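J.: Whatever this is, show me its structure:
(one chain, ligands or ions: 1)
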Amino acid sequence: MTAATPGVLAEVRRERERQEARWGEQTLDPAVWLMVLGEEVGEANRAALEHRMGTRADLSHSRAELVQVAAVAVRAIEALDRQQASQVRRAQD
Ligand SMILES: [Mg+2]
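T.: Now for the predicted structure:
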């Protein structure tokens, strides 16, 4: 970790909360979350390409997209954990 890490993680948390406020609590399959994550990674790639090609001067859009990627990754991890816990419960029944 660096001195910047807590601030970045706080941004990811705020983005995670913003997404949930916008879309509600979503109980998607972990594989679907990976598709959503892939879409967000694509947007981050596009922002980086636009910067690289000179059609977007600043990096703030790339940064914002990366925060969205991280927030969606958190949701995917949470979905995976729920699925795993459900499998454990079913195995115990
Ligand atoms: Mg995005």
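J.: From now on I want contacts and neighbour counts done on CA atoms only, so please keep to that.
T.: Fine.
J.: Tell me how far stretch 45-54 lies from the chain's centre.
T.: 20 Å (C-alpha atoms, centre = their mean, to the nearest Å).
J.: what about it and the ion, touching?
T.: No: using C-alpha under 5 Å from the ion, we find that stretch 45-54 stays clear of the ion, coming within 9.4 Å at best.
J.: how about low-confidence regions in the chain?
T.: Along the chain, the model assigns pLDDT under 70 to no residue.
J.: Show me which residues of it are close to the ion?
T.: Residues of the chain lying near the ion (C-alpha under 5 Å from the ion): 40, 65.
J.: Repeat the analysis, applying 6 Å as the threshold.
T.: 40, 43, 65, 68 (C-alpha under 6 Å from the ion).
J.: Buried members of the residues you listed into PyMOL, please.
T.: Listed next is the PyMOL selection for buried residues among the residues of the chain next to the ion, using 16 or more other C-alpha atoms under 10 Å:
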select buried, resi 40+43+65+68
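J.: Dump the residues of the chain next to the ion to TSV, plus distance to residue 7 and secondary structure.
T.: Shown next, in TSV, are those (distance: C-alpha to C-alpha, whole Å; DSSP: H, G, I helix; E, B strand; the rest coil):
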residue	distance to residue 7	secondary structure
40	21	helix
43	23	helix
65	16	helix
68	15	helix
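J.: Quickly find the element holding residue 31.
T.: helix 30-52 (DSSP states H and E).
J.: Now that helix: buried residues?
T.: Under 16+ other C-alpha under 10 Å, the buried positions of helix 30-52 are 30, 33-34, 36-37, 40-41, 43-44, 47-48, 50-51.
J.: cool, and stretch 14-21?
T.: Result for stretch 14-21 [16+ other C-alpha under 10 Å]: buried residues 15, 16, 19.
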